[in-house]
Structures are given as C-alpha cells and as structure tokens.
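*Asks:* here you go, sequence then predicted model.
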Amino acid sequence: MKELLQKEDITIRFAGDSGDGMQLTGMQFTSTTALLGNDLSTLPDYPAEIRAPAGTLFGVSGFQIHFGSTEIYTPGDVCDVLVAMNPAALKVNLNGLIDGGTIIANSDSFDDKNLSLASYNSNPLEDGSLSKYKLHVINISKLTSLTLSDTQLTSKEIDRCKNFFALGLMYWMYNRPLEPTIEWMQEKFKKTPKYVDANIKVLKAGFNYGDITEIFTVRYDVQPAKLEPGNYRSVTGNEAVALGLIAASEKSKLGLFLGSYPITPASDILHELSYYKNFRVKTFQAEDEIAAITSSIGASFAGALAITTTSGPGLALKGEALGLAVMTELPLVIINVQRGGPSTGLPTKTEQSDLLQSLYGRHGESPVCVIAAKTPSDCFYTVYEACRIATKFMVPVILLSDGYIANGSEPWNFPLIEDLSDININFRTEKDGFFPYLRDEKTLARPWAIPGTPNLEHRIGGLEKQQVTGNVSYDAQNHDYMVRLRQNKIEKIAEDIPLAEIDGKESGKLLLVSWGGTYGAAKTAVNNKRKENKYISHLHLKYINPFQKNVGEILKKFDKILVPELNLGQLSKVLKHTFFVNTISLTKVEGQPFKSIEIENKIDELLK
Amino acid sequence: MKELLQKEDITIRFAGDSGDGMQLTGMQFTSTTALLGNDLSTLPDYPAEIRAPAGTLFGVSGFQIHFGSTEIYTPGDVCDVLVAMNPAALKVNLNGLIDGGTIIANSDSFDDKNLSLASYNSNPLEDGSLSKYKLHVINISKLTSLTLSDTQLTSKEIDRCKNFFALGLMYWMYNRPLEPTIEWMQEKFKKTPKYVDANIKVLKAGFNYGDITEIFTVRYDVQPAKLEPGNYRSVTGNEAVALGLIAASEKSKLGLFLGSYPITPASDILHELSYYKNFRVKTFQAEDEIAAITSSIGASFAGALAITTTSGPGLALKGEALGLAVMTELPLVIINVQRGGPSTGLPTKTEQSDLLQSLYGRHGESPVCVIAAKTPSDCFYTVYEACRIATKFMVPVILLSDGYIANGSEPWNFPLIEDLSDININFRTEKDGFFPYLRDEKTLARPWAIPGTPNLEHRIGGLEKQQVTGNVSYDAQNHDYMVRLRQNKIEKIAEDIPLAEIDGKESGKLLLVSWGGTYGAAKTAVNNKRKENKYISHLHLKYINPFQKNVGEILKKFDKILVPELNLGQLSKVLKHTFFVNTISLTKVEGQPFKSIEIENKIDELLK
Amino acid sequence: MSLIQETLEPIQTSFEQPTYSSKDFQSNQDVRWCPGCGDYSILAQTQRIFPDFGVPKHNVVFVSGIGCSSRFPYYMNTYGFHSIHGRAPSIATGIKIARPELSVWVVTGDGDGMSIGGNHLIHTLRRNVNLKILLFNNQIYGLTKGQYSPTSEYGKVTKSTPLGSVDHPFNPLLLALGAEASFVARTLDRDTKHMQMILKRAHNFCGTTFIEIYQNCNVFNNGAFFQFTEKESKDDNVLLLEHGKPMVFGKEKNKGIKLDGFTPKVVSLDGTNSVNDLLVHNEKDSVLAFILANFNAMEGMPRPIGIFRAIERPTYEKDIERQIENAVVKEKGSFNNLIQSGQTWIIK
Amino acid sequence: MSLIQETLEPIQTSFEQPTYSSKDFQSNQDVRWCPGCGDYSILAQTQRIFPDFGVPKHNVVFVSGIGCSSRFPYYMNTYGFHSIHGRAPSIATGIKIARPELSVWVVTGDGDGMSIGGNHLIHTLRRNVNLKILLFNNQIYGLTKGQYSPTSEYGKVTKSTPLGSVDHPFNPLLLALGAEASFVARTLDRDTKHMQMILKRAHNFCGTTFIEIYQNCNVFNNGAFFQFTEKESKDDNVLLLEHGKPMVFGKEKNKGIKLDGFTPKVVSLDGTNSVNDLLVHNEKDSVLAFILANFNAMEGMPRPIGIFRAIERPTYEKDIERQIENAVVKEKGSFNNLIQSGQTWIIK
Ligand SMILES: Cc1ncc(C[n+]2csc(CCOP(=O)(O)OP(=O)(O)O)c2C)c(N)n1
Ligand SMILES: Cc1ncc(C[n+]2csc(CCOP(=O)(O)OP(=O)(O)O)c2C)c(N)n1
Ligand code: SF4
Ligand code: SF4
Ligand SMILES: [Mg+2]
Ligand SMILES: [Mg+2]
C-alpha cells in the first residue's frame, strides 16, 4: 500500500495539443473533484486557432484546476502538477510550475519533429534541464495503444483516448473515484459503445499504472472543504448567466429575448439559451452586433426581458444604439464578457479593460448602470440583479464579466426559484393620466406601456424628449433638465441596492479594492496576509455605476487604497474623479488573471 | 442728417421662417462688417427640420452676429437688435433681447394665422407687451412688394426679396455700405439678372427707408477694431478644417483622402473638400460611418493623409475601427463636430459631450491623441496640428470641434502656405533592418512602409503584435509590454508640443480652465472681470490627450479651478484623475454656447 | 414558374373589425415636412387605407430610422418608434419576434434603408420576418440637406458631388430580389389609389413586404419622378403591372411589352402586334420580376409599378413560435428542473 | 443580351513581367488552419497562379476581415491587412481609391462577408471598385466554433440552433447579381485547375470580381460540398459553365440543361434531345446568370461553377481619377490661391 499524504490544496494543469482533449480531461477532473466536496476553481486556456497544427507552441491548450479542503478563490498561482502531453505543452507551461513540482510527460510525443516544433534543441526529458522538478516520463501513447490492442479501433481513434490515461493516473494520484467519469462516458458515447469501452479501459489503465508501477510512491488526498451546507453543482460564468436569465424570466413572467452575434468568449451564453426553447426563450442570432442590440431594443419596447450579449469589440459597435436605449428609457441588459484588447487583441484571453468603455463609450451624456460579476456563480446573481434594475428603473444595465470567470468553473450552492427575490413588472395599462415620460417619483422610471395596449398609443425615439409628454423637444431648458434627469435616474439606483460591505476593519492603513474577476486573487491575498498577521481590509465592488452610497465614506477612512486591475488602472481613474481619493494602481495586462502572490507582494511593499 | 452714435460693440439677431433667408441675410451682414474691419463672431441657429411649415415656432431660423471695435470672442450674450420677420421669430427670440433693445418687426406677417401658430393670444405689436423695448413696426412685405410693383416677378418671388429690405435697413442703421452685398448679388444671380435688379432695389429701399422716414432718429457706428495687421478673410470652423487639410496635404506632399458619411453639423467639411478635386483630394462618401473610417484606414495604410469626419453618433460607430488604427499604428485624423446628445438628441445644436467618448469610447486599452479647436479659425491650425502629430507619431488623432464653432464665423488673419511649419513624411523604403514594428526611438513611431514599396512586403492587423516583428503574438509579457507602449507613445507626444501658456498670473485664487468652443465665453468673462479689477487667470487647453507637460504644475498653483463645460463635467473628471486636483464644474447642456455672463457670475460667486 | 417554394401559409383574413376613419390614425403632432413634400401624400394614403385593414390601432407599430421620411411614425396615431439611422428593420424584427401578433411597419428612406441600413434590410428580406417595409425613395439625402444617396443616378451633381457622382446606384428592387424578398413592389407618391392598393396587398401578405415608393423631395431633388407622376407624361412612361394581365401601357393603351429571348421590347399595338403577343404579368415568376426590375437601366422602357413578385414562404417569427410550441409541448421549462439537470451533490 | 452597359474599359494586359515561382508568394508565417481545412487548397492555388499574373508582389495587397479564412493574408508574401470583422471591402476600397495602381484582393468568409460585412460587400459591388473578392463559403462560422452563418441551410443544427436554423439563407451569387456585380463566379476548393482559371479571369477583369469558393470546414461542417467535390458524385452534380458552350454535364456527358420558358430542366442527351437544343452559356447575359444562380434552390439541378456574369463597366476609382485629372488640367490647386479665393481685406 502506497503512502497517502494529506494536502490542503493542489493545483494541476493539463496541457496538450488543441486536439488532445485537454479541456475535456480537465472538466472531468473538475466534476469528480467537486462531487468529492472540495472547493475549486478552474482556468481553461485555449488558443485563438481552432485546431492549430499539431505540436506547435501556439496550438497548446491548457486547463488548470485548483482544489482544496478550504475555500478556493483562484485557479492557483502556480501548479503543483503539470501534465504535458507533448513538448510544446511542456515549453509553454513550465514557468507556471512550482519549483519541485511534478511533471507527467508523455514521452512518446517527444520525438524530433515535436521537439523542433517546440523549439527544443535537445530533449528536456533527457538532458537534465528538468532536474529541479519531480519528472515522470511515461510512454502514455504506447501504453494506451497496448491497452486497446485487442479492440477494433483505428490507431487514430486509439490515440484520441490517451488523455484518459492521464486522467486515470491523476485520479489515482489524488485519490479520486473513477465512477463519475465512467458514468459520464456511458451517457456521452451511448450511441457508440465501442468508445465507452475503450475509454473506460484506458482510464482504468492509467489508474492502475499509478497503483501498480514502482514509479509513484505517494498519493495525495485532499479532504472535502467545509462548504456551506446545501445543494451543489458546478457552474461556469457563462452557464450561470444563462441560468440567471432563465430565472429572471420565470420570476418576472417576462418573455426572454436575446439578440446576439457570436463572439468569443461570450458565445456560450447564446448557445445555452438557444437550447431553452421550452422556456419560451427567443434567441435571435443577428447579422451583427448592431442588429443584435437594436433587435433587443425593439423587443424591450414590445415588452420582453431583452438581453444582448457580446465582448469588447461588439460593445464598441453597440455604443450608438445603447444611446437610443438611454434616450428611450427602455430596460435592456447588455452582457459584456471582456477579452484582451484593443482591436481583435487577444480574443481568447481575459482582461478588464472595457470598464471605461462601458461607462463612457457613447456620444453625449449617456449614463447607464454598470455592474460586474466576481466569480462564475456570482454571474448568476449579478445578471439577475441586472434584470431587476433594468426593469425597475427602465434603464440599460451593462453587466461586465470576463473571459476568466466566463469559462472558469466552481462548485455552486445553487438556489431554487423560490429562494430568489421577486421581480415585479407592471406594464402600464391605465389610460387616465398616462404620459410616456411621466415618472414614478421614487425611481424616476417612466411607464412601460407596450404595443398592444389599448389607448396608450404613443411614439418614442432618439431625439430629445419633452419631459412628461415625451414629445420631441428642441427646447434649451428642457434638454438641460432631461440630461440631468437621466443622470439622476442612474444615481437613484444607489438607493435601491445594499450598502457595500467591507471585509475587515472599517479604517486603517490599507484598503484593497477589487472589482469583477480580480475578486478571487484579492480575497486570497487578503486571507494569506492575515495568516501572516498582516491585517488589511478588502472592499469588492459589484456596483460601479452608481457606486453604493457608502463607498466614498469607506474609501476615505484608509491611508492607502490599492486597486489591482487587469487594465491600466480604469477603476482607479473612476474612484479618483468620483470620490477625490488617491489610489495606488496595480496593473497587469497579460491576458491572465492575477496571481494572488502578485497582489500580496504589492501589499507587502505598501505595508513596509 | 440723423445723429450718428459711436458704439464699441453691437449684437444683432436676424430671425424668421426657415424659408425667409435669415442665414443668407446674416452672412451678408457679416461679410460687409468684416470688410469694414470690425472684429466679429456669429452664431447661426437653425431647426432640425429642413423647411418646417411656415409660421411655426419650431420652424424659426436665426442668425446672430456680434461685432465691435474691440476684440470679439463670442456671438454675444444678448442682442441689441432683434429683426423678427414673423410672430414665431419674435416669440422664440425675445428672451435673448436686452432690456430696452430694438425690435424690427415685419408687421405684415402678424396676421391671425401666424399669431396663433406662434401661440400669441393677442398681437404683441399692438397689445403693449413689448413696451420695454424700442419697437419698430414696419410693413416690410408690403414695402417690398411696392418697391417691386413694376417688375415682372411673381408675388412669390417678390416675397422672397423681403429679407433684403431688412438687411438694407440694418446697413443704414449701422452705417455699412451696400456695395459688397450688391457685388455679391451680381455674382450670385448672374444667370437671372431680374433677381439681381429686384434684390438691389429692395436692399436700397430698406436703406432709404431708414434714411428718409421719421421713424429712426439715430444711427450707430462701430469703428474698425484694432486687429493685428494682415490679410483677412472670414471663415467658419468647417471651412477652416477643410482649408487646414488642404494645407497639410500640400505641405506634407501626401494625397488627401476623406472617408465620410454625411451628418449634421459635420457634412460641410465633406462638401468643401469634394470641390477640391484640383488638389487631388479624394472624397469617398461611404455607405456608413464604419465604411468611412475603415476606408480611411485603408487609405492610410496605402500612404494617404487619411481623414474621417463625423459627429457624435458617427464617432460611436467608429469606435471599433478606431481600435484597429490604434493596433496597426497608422496615422489617421478623426474630426468630430460635436452636437447635442445622447442618441439623435439635438442634432443641430452644439455641445461638448463627446470628450469622454473620444478618450475612452473603445474596448481594451486603446489610447489616441485628442485635441480640440477653440474658434472657427483655430480649426485650421488644430487640424493642421492633428495631421502633423498623426503622421509623425503614427497614431490616430481625434480633433474635437462643435456645432458652434463649425458653423460660426470670424475674421481671420490667414496664413499663406509658406507661413506654415513643415510636415515631413518619410515613407520607409530601405530594406535593411526593416521590421514593421521597429520604432523610432524618440517618437516610438513605427515605420510607414506603404504597398508598392519593393522588398518591404509585410502584414498588419488587429491581433496583438509582437514587438519589433509585428507578427501575431499571444505572448503574455509581450501583450503587457505593447499595451503600455501604445500608452507611452501617446504620452510622448507631450514632448513634441509647446508648453501651455497661462493668460494671467501663474498662481492665485482662481484659475479658469476652458477647452474647445468655450474659449470665447471664458476669454470674454476673464476680460470683463479684469475691467472690474478682478484678476483671475485663464488656461485654455487645446491638447487633451496628452496634456501639455506643465498643465499639472499650473493647476496646482491655484486655490480653485473653475471648469465651464457644455456637458456634465467631462474635462473636470479627466483633470481630477490625471492631476488629482479638485475642480469646480460649471455645466450647461442647453444646446447653446456659454454666455460670458454665466461664467462671470460663477467667477463672482467663487471670488466672494 | 417559381424559383422559390410556393405559398405555405394562408393569407390572414378575419379580424374583429374596429370601425375607424382615417382621422383615427392621425396623431396630435404637427407634421413638419417641407410644404409640397411627397411624404405628405404617403402619410395621407396610409391613414386612409388603414381603417380598411380592420386592425385595432393599438396593435400597430410603425418603426423608422432617421431621415425626413423617418419622421413618419410621429404622425400615425399608433405605437411608434423613431429610432436611429439605418436600424429600423432590426428594431422591427425584435418587436415582431417578441410579439408576432402585432402589425409592424417599417418606414425608411433611400439613405436610411439602402445606405447605412442596407445590411439589416437584406437580412430581414432573406429571413422573411413579417414586416411591411416602405422605402421612401427620393434619390437624395433630404434631412442632411442634399447629398447624393445610393439610389441617386450616376453623374448626379449634389452637395457632396459637385462634379457629379461616380457611384453606380442600387436598383432597390433588384437588390431585394437578390436577397430573395418574398414580396417586392413599387408605387408612386402621387398615385393615391395605386398606393392604397399596394399597401393593402402588403398588409394581407404573410412575409416581409418590400415597397419602393417614388417620393418627390421638392427641395433637394425636385421632379426626379415627374415623368412617372405628371399627367402629361405618366401614361407613356409607366407600366402598370397586374397579375395575369398583358403588359399594355401608353396614353392610348396602344403600346405593350414583348419578349425576344430574355430581352423585353416595346411594341405598338398596331396591326402587327396584338395584345395576345404581349408578356403577361405573373407575380409568382421570379425571372420575370428580375427582367422587370431591370427596366430602369434600359433606354426606352416604361417604368413598371405594381407588384413584381409575391411568393409566400415561411416567416421567421412563426418558425420560432413553432419550435417553441413543440418544445413546450414536449416539456415545459422549469427553472428548478433546469438548474438541477446536470450533476449535483449535497453538502451537509 | 445585357441589362447593364457593355465593356467600357479594355482588359489590362501588359505588365513588366517579373519571374516568380509560387514559393515567392509564401510568407514566413506558420499556417495555422486545422489540418484538412479547405483553406489550404485555396492558398496553394493562389500562390500557384500569382506568378502567372506578372504583377510585382510589392504591388499586391491582400485584405481580410476576421474568421479562419481571414487569416489568409498572413500567408501571402505580399502586403497584407488582417482587419476587423466584416470591414475588409471598405478597407480595400480605401486602398484602391488612394492607390489605383495596386492589385487589391479581399478574402472574406460567409460570416465576415455576408453577415456583419454584407452592406460593405453590396456597396462595393454596385460601385464597381476594382477589387478581387474571394468569399470562402463554408456555410458555418469556423473561428467562433460552429454557429450557423447566413449561408447555412434552413434547418441546420448548430451550436446556436440546436433545433435547427429557421433562417432562410442568402444565395451569395443571387445577392451579388442583385447588387449588379459586374463579375460573378463560383469555384471549388478541391478543383485546383478551375480555381486557378477563375482567379486568373478575375485578375484580368477590370471591376469588382466576386468569387464564391465552396470551402470545406472539416471540423464544424464537414462534407457540406462533397457532392460537388468528391470523385464519385461531382460529375453528376456539377455543371461547368463555359462561355459560348452548351450546358452539358454528367459522368458520361450525357445530360444537359434546356429551357422551358424561363424554367430550366435537366434533359438526357438520348435520342430526343441533342446538344443543339441545350442552353448555351453567355457571360454577358444577366437574366441567364440569374436563372443559373437560382439552381441552388431547385431540386434536381446540378450546381453551376464558373463565371456566371462578366460585364465590364466603369470602375469607381478610375472615375475619380478622371475627375481629378480633368480638374487639375483646368487649374492645378494651390493653397495660396484657394485661401484668398473669396472676399479678403487687408488690415494695416
Ligand atoms: C449614425 C448617423 N449617421 C448619419 C446621420 C445623419 N443623417 C440623418 S438622415 C440621413 C440621410 C437621410 O436620407 P434618407 O434616408 O434618404 O431620408 P430622407 O431625408 O431623404 O427622407 C443622414 C445621413 C445620423 N443621423 N446618424
Ligand atoms: C465585431 C466582431 N464581432 C464578432 C466577432 C467574432 N467572430 C470572429 S470570426 C466570426 C465569424 C467567422 O465566420 P466566417 O466569416 O464564415 O469565417 P470562417 O471562420 O468560417 O472562415 C465571428 C462571429 C469578431 N471578431 N468581431
Ligand atoms: S427636404 Fe425633401 S424629403 Fe425632406 S421634408 Fe423637405 S421636401 Fe421632403
Ligand atoms: S475551423 Fe473549419 S474553417 Fe476554420 S481552420 Fe478549422 S477546418 Fe478550416
Ligand atoms: Mg432620401
Ligand atoms: Mg465561414
């Protein structure tokens, strides 16, 4: 019996060619680990090419999972284990491996051709260059084909199974059961039983290889995390958005309309929702982003819960139309899954650089509500909140997600419909006293009077509106009034949202302010520092326009304010001009989320 | 002989139906006045409708001219004289008339129909409601038709001449010669001599009416201003832009390419340039704003001096493509003539609300140079500077103009080509050491290597570029490097532009900071205050991204900083987060330029 | 012959008929077009014919972009949306998909619909969303004061083309046919009865209807269509298309269209040619529609007005409804089921 | 017969001929398409035929939008611009207007060119800018991993249409004809010789050339065109269009196309029908082109490849040059004259 060591948390990275099935392998490891009750966070990382030529550096696809017996907020700064299915995968990912970390390398792929494609002059598995790691050289391809030598599969088909060997081995090494994956295979390939059998065989072979061979002397165990009791499932950010929209539609009793044009990394929301025809969801794949948002504006006018999803370049294209939604004061939720810019930039990488665009990327004074999700599961609550605000205040709401939380996953103690707050919609039907721009006193919302309602026929449009009547008006004072009113209306939202909660003391030397997907790294950094008895406070901002009412107050109680962002300091700018506080920006624009250590180092520097 | 009083400055507003020729009348008065050596400033103000039904309030078209024997910076806060060709014109413009001011009203048009269209219950010319003004009720239409009774003109044609009666009268009242207008008529209508004769007759009739009748006892004279010696012409902002582009093209020896889509108030730049085929200007009226900017990007790649012109909604549409120009580092000048927003807003009115859009209205970190013109003639120098910066630094430059300076005019001591600084263009032709993204050390500009150059074949695009080679790169560190480099490159421009000059003391209690078209009102306010011995300093910002190097320094030397803007405080925000100085915003969003008195009042309040 | 599949859905017929007069469709807003503008007549005909449709006016939505023509919705006492430049077809598509029971009309200009909005237009046509699209073609940009448009003739002198345009124009009907529009027609601002008839046919058609309306802009492009609209010239220059009828025209009804191969020719109905030799109009024939749409470019041919093509095919929004109904019948969605549909586990 | 005015400009012929091999057109960048992708063949044919054109490679520019296909310019050792989604025709138009002497090629996909970029495409076609447009039609969005495109067939199951698309697709050639494209053609990724021939004809044509290339996306839409490209089926399913030649096809060259009114029919060349009865292809006949483009939608008709229409007319950029040359001859512009051209006065 081999030794079983307990670990608090572990980070594994599966890496191989785009065609090697690394995303699938990673997702299987994730499901199984979630089922065991670990907390976890994942980071898929794939190239912009669909299936780049085999063996090339730019064709490497990776999937990182960080799981633990404590709460996990990031996919891990560094990996403990790197599974490298070919030389390129090793090359690209080695600098993410902790010193002394474990490498599982598929030696069969380290042939001359692949070595040269990965720009290796000599074979790293043999030249001693990896001596500071625990290197396990395994002929995975060969072992896979031996395992399947008695089947009818072609050698191509056999080769496609090799990822399951690696997965089996990892299951052995981290003491995970095979059953969940076996069940999944049985479902997934049920139309081709030969694949089910082959994959199971290989998975078991990998597991047994760990168990039987002398190579590995220890296995590790990671105990379940002490998570809140409840019903759990795994969820990615994009899935959570789709689920949140379904929930908002069911709760508000509004038909859901999605106008969208495919774009990475937002397309999966469109894909998810297009399945839900039985929820009466109407998805419209438009000819471009402008048609996507304008069809949504039309649907909103017609009384639908209207959504449009996109990523940075698409948001840029929607700017003009967003102004129309501002002027016509129609509810609309714009979901922007941020990616690396400018221009086409790094389309499959993450970034937080669309904040200023969301706030200011339109002509004229054109304020909209902006909120941001912090984790995959938080996307659910955030989109739900976006729907609530949009319909209550009759305003467009931009929800900012990013490539990292959109594709990343985590276990989620999910709610049922009855656990969610109500979204009450009152279409105007009463004729008496109806004016298209007569407002609710509290929210400043104008009535939502939808076509088909007798006696409320009226016209709206993009020209300036006379207050109350909504008629076109070129009047000077009216324009000034309306410009300020639209601004006030957004500010009013602050009265309808909870106050910001600070994690830690209410005043002090250093406040860490995060927004969006940097939450995890920030939270981890704060926790780690606390372990070192360095107490700093943490404020995470979900609401960016408007800010919660107490944000200014909180900020002013700290000597220093550190704002880490995956851009050149966009929130910092906004905090500065909104609250007239100075901030210290920690910026990184590498297409990757922060590592908590990067934030920790900055904290150390500032506390010195 | 009637009395002739000297005046320092006078403001006249001509107002009538859209079809009454008020713009033309105002422009004639302007030319004549400019020729006399007055300084002046004008404000055309016309409705969004092409030719709204006669007599309606929304169909009123106005033209205001402010001229004087001193330097004139604004079209005048209030009018001394209002020429009202119909009741609607009176109604709409009366509150802009100074107490005790003069009204010239065409009584023939004050019939029941027109009075009711203008929502008058009784005839203001008769009911005593205008008693605080000097009211001159003249049956202009009748007098015009009497004057032309012996011609062959139809009554419709005759009626169209009546504006020249009003003009003649004003010429008499302000002691201006008729000759310039007569010459203009002879040229303009040379194909239909009957119009020339009729118009001259009516013009003279108006003049004589003042001279002969007993109604007017005084005339006024406004002596020439002590303007800088030189050659003068009159120019509007849009004309000046077109001239500046022609100059930049001639000086740089680059072919001028304009990709544009018509939009008020920018269209006139397209119209002007499309005349200049003999300058080899290529104007391309594209199918939309996106095609307009992308065709310009193509032309820039091909080696043209590439321009695109638009207004707010169009700039919103150009956002995505502008990011491409940022990524490909191609020279491009984007001229945005701001108008009232959001959405279609107030399309014929002025506003300064596209500043934040210009700075931040794109996805990703996408910095561009932003500069703003302050007066009609300054548009010339500003667009010339934009061309210089764009081609020297290989960056997109956004030039902000606005409806007010675009349509307004002023006398201009214009330069000749030899008076302008050089714009030197060096296309790369040398093969050795050529890399598409290898930079000039000083400017950080990459080489401009245009198609057709042997041996420099290369590919550019919107994906992130590897430094030096310009190859596509998904590398994390390279991306971070390039994002910062593009930012630096814009900041570097600050080293190539003159320092900001302050008007007044270098430190003190109050600094007035203006940008763009608010210059005139700010300057006038400062001058007026000085006359009251209230000394405040004035800083006008032409360069907004980057700011001039000494701007921060200057700002910090004042106790208070007042920033008047025709928006909700956009420059204020930028000053705050850039320099961490507090500012006091004076905002007005009424589709009209500031009156200097509005700024003066704020100054008084702040100096209390 | 038809190159596109034949009628799949019956024409809508029965409504509970409210009794309206044209006044009921007039809003309380002042009409702000230039005096003499062709838009007035189009508005009047629309207001006149709408009572005939028997649709409750609260179920009607007019959507437009930006341009003089696009002010139209303000004047109709129905629901209306004066949107942004070029996007009316997309906004209307959103409305129609969300609420298929509404009668949704799009008003657009040659700039709005063919220039900036060209893409939305052709995509709407191919998808066959049941929208009624009225293209007010005045061959000029009116609202921006007289630049040439994508339908202005080659060589046209305008503010932005002082030496004459070098843009070969779109033929709107040809483009619509290229996008496989199911209903393609042309009418004239000054032919009030014809316009009413075409509007009615459009209303009764199930699918996108594309109607080009020649509209006089008397300020910036006066008389562009006078030869087709003025008494003296119209009979000799206009060919009225009627399904199943031979193509006869001319003041004296003495001219007709004959085909020589694919080439249409004008013939006189004197002794040698009789009505029986003439082309017979067929709204179901796409090739014929293509030939007729090309008359514009052919010297000496009269300008056809009427319905070039009317061939029904499934509409986009009904197809979506169908998919939804099928899915709902199979299993009505429930959030609680959905969220638990994958792997879940319990932590205690 | 032709519905559009005939050739006005002679075909360009003489260049100083550099001697290149296909290698000279290969850039040093790794090609990053999926193994087996149809794009490889199109690239190879382009690189093979370019040396034949005798254009110096520094005078060639490839412009593309975004999509798998749009990576193309990186692999051509010419000037290249991989731009943003849908805008390649506009960027190329700017290049061509600025520098008419360059040979400018546009590479686009069915999503890039027909979806987001549809408007620029049709406007370019009507203007007749002398660009060579290659539309790689794989009837799918490749780069974004498999959503349906505007050319995907009705009913198609994709990531965004799990129950099947309800979008009636564009027929790219029909749309191009509707936009009055002067040169309209179709070829196949796997028919190397035919593609080379078409590219060459396009190169020699003066005006916008629109070429639809059926391209297999073996990852997301494998086999979409196999019946037209694979040995077993292609002869019976493809009709090769050759100017002046009768329309014969089939493995045994025993089938042909006959016209019945406007309706095309497949006939066997047995006793009753002879080659002389068959339709003869004519690149100058727009109606014929329209009928041929409609074969897609007609059960049992073979798919035509080749040049559907090739009718020269003035190009946009040459017209601009002409206006400029005339204006310059009249009076060459001088800034100093211009700025003083209106009223000026002197202040001393
Ligand atoms: C995004 C945008 N670009 C440009 C404009 C300016 N614009 C308004 S209407 C118009 C063209 C109108 O022409 P058309 O559609 O033919 O309408 P018409 O006025 O002739 O009826 C233009 C270019 C605008 N409002 N918005
Ligand atoms: C503005 C914008 N919207 C969306 C996208 C995402 N996108 C990239 S390529 C593409 C479609 C590609 O399809 P196609 O043109 O057919 O090219 P293929 O990959 O099939 O060759 C889309 C939607 C983008 N890059 N930019
Ligand atoms: S400008 Fe032309 S189209 Fe516009 S309202 Fe006037 S006449 Fe009609
Ligand atoms: S996804 Fe399809 S089109 Fe794109 S490279 Fe792969 S095979 Fe080619
Ligand atoms: Mg028009
Ligand atoms: Mg495709």
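*Replies:* Happy to help now that I have it. Ligands and ions are numbered 1, 2, ... in the order given.

*Asks:* flag the shaky bits of the stretch 151-300 of chain A, pLDDT-wise.
*Replies:* Applying pLDDT under 70 to the stretch 151-300 of chain A flags no residue at all.

*Asks:* for stretch C:45-59, what is the average pLDDT?
*Replies:* In this model, stretch C:45-59 has a mean pLDDT of 97.

*Asks:* mind listing what's buried in it?
*Replies:* Buried residues in stretch C:45-59, counted by 16 or more other Cβ atoms under 10 Å in any protein chain shown: C:45-51, C:53, C:55-59. Using the backbone N, CA and C atoms, a C-beta is placed for each residue, glycine as well.

*Asks:* likewise stretch C:98-109?
*Replies:* Buried residues in stretch C:98-109 (16+ other Cβ under 10 Å): C:98, C:99, C:100, C:102, C:103, C:104, C:105, C:106, C:107, C:108, C:109.

*Asks:* so which of the residues you listed are in helices?
*Replies:* Of the buried residues of stretch C:98-109, the ones assigned to helices by DSSP state H are residue C:98.

*Asks:* farthest pair within the buried residues of stretch C:98-109?
*Replies:* Greatest spacing in these, by Cβ to Cβ: C:100 and C:109 (26.7 Å).

*Asks:* tell me the phi and psi of the residue of the stretch 151-300 of chain C found nearest ligand 3?
*Replies:* At 3.2 Å from ligand 3, residue C:217 is the closest residue in the stretch 151-300 of chain C, using Cβ to the nearest ligand atom. Dihedral pair for residue C:217: phi -100, psi 100, per degrees, to the nearest 10.

*Asks:* how about stretch A:43-63, does it reach chain D?
*Replies:* Yes - interface with chain D: stretch A:43-63 contributes A:48, A:49, A:50, A:51, A:52, A:53, A:54, A:56, A:58, A:59 (Cβ under 8 Å from any Cβ of the partner chain).

*Asks:* could I get that stretch in CSV with only the CA atoms?
*Replies:* Coordinates of the C-alpha atoms in stretch A:43-63 are reproduced here as CSV (Å, rounded to 0.1, in the frame of the first residue of the first chain):
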residue,chain,number,x,y,z
LEU,A,43,-9.0,28.2,-15.7
PRO,A,44,-9.4,26.9,-19.2
ASP,A,45,-6.8,28.5,-21.5
TYR,A,46,-7.0,27.7,-25.2
PRO,A,47,-5.6,29.2,-28.4
ALA,A,48,-7.4,31.5,-30.8
GLU,A,49,-6.9,29.0,-33.6
ILE,A,50,-9.5,26.3,-33.9
ARG,A,51,-7.2,23.4,-34.3
ALA,A,52,-3.7,24.7,-34.9
PRO,A,53,-1.2,22.3,-36.5
ALA,A,54,-0.2,19.6,-34.1
GLY,A,55,2.8,20.1,-31.9
THR,A,56,3.1,23.9,-32.3
LEU,A,57,3.6,26.2,-29.4
PHE,A,58,0.6,28.3,-30.4
GLY,A,59,-1.6,25.2,-30.6
VAL,A,60,-1.2,24.3,-26.9
SER,A,61,-4.5,24.1,-25.0
GLY,A,62,-4.4,24.0,-21.2
PHE,A,63,-6.8,23.5,-18.3
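
*Asks:* how close does the closest residue to chain D within the stretch 151-300 of chain C sit to residue D:207?
*Replies:* Among all residues of the stretch 151-300 of chain C, residue C:178 sits closest to chain D, at 1.6 Å; criterion: Cβ to the nearest Cβ. Going from residue C:178 to residue D:207 by Cβ to Cβ, to the nearest Å gives 18 Å.

*Asks:* with neighbour numbers in mind, choose between the two.
*Replies:* The neighbour comparison of residue C:178 against residue D:207 (other Cβ atoms under 10 Å in any protein chain shown) goes to residue C:178, with 30 against 27.

*Asks:* now that one: closest residue in space, sequence neighbours ignored.
*Replies:* Using Cβ to Cβ, 6 or more residues apart in numbering or on different chains and skipping residues adjacent in sequence, the residue nearest residue C:178 is residue D:178, 1.6 Å away.

*Asks:* who's in contact with the one you found?
*Replies:* C:174, C:175, C:176, C:177, C:178, C:179, D:122 (Cβ atoms under 8 Å, 6 or more residues apart in numbering or on different chains).

*Asks:* what's the burial count for the residue of the stretch 351-500 of chain A found nearest ligand 1?
*Replies:* Proximity to ligand 1, evaluated over the stretch 351-500 of chain A using Cβ to the nearest ligand atom, is greatest for residue A:462 at 8.4 Å. Neighbour count of residue A:462, defined by other Cβ under 10 Å: 29.

*Asks:* now swap in the one 3 residues further on and tell me
*Replies:* By the other Cβ under 10 Å criterion, the neighbourhood of residue A:465 contains 25 residues.

*Asks:* out of the contacts of residue D:178, who's nearest chain A?
*Replies:* Nearest to chain A among the contacts of residue D:178, counting by Cβ to the nearest Cβ, is residue C:179 at 11.6 Å.

*Asks:* so who does the closest one touch?
*Replies:* Contacts of residue C:179 by Cβ under 8 Å, 6+ apart are C:121, C:122, C:123, C:125, C:126, D:170, D:174, D:175, D:178.

*Asks:* how much space between it and ligand 1?
*Replies:* 19 Å (Cβ to the nearest ligand atom, to the nearest Å).

*Asks:* repeat for residue A:580
*Replies:* Taken as Cβ to the nearest ligand atom, the span from residue A:580 to ligand 1 is 36 Å.

*Asks:* also residue C:290?
*Replies:* Computed with Cβ to the nearest ligand atom, the distance linking residue C:290 and ligand 1 is 25 Å.

*Asks:* same question for residue A:30.
*Replies:* Residue A:30 sits 46 Å away from ligand 1, taking Cβ to the nearest ligand atom as the criterion.

*Asks:* count the neighbours of that residue for me.
*Replies:* For residue A:30, the tally of surrounding residues (other Cβ under 10 Å) stands at 25.

*Asks:* residue in the stretch 351-500 of chain A nearest to ligand 4?
*Replies:* residue A:407 (18.8 Å).
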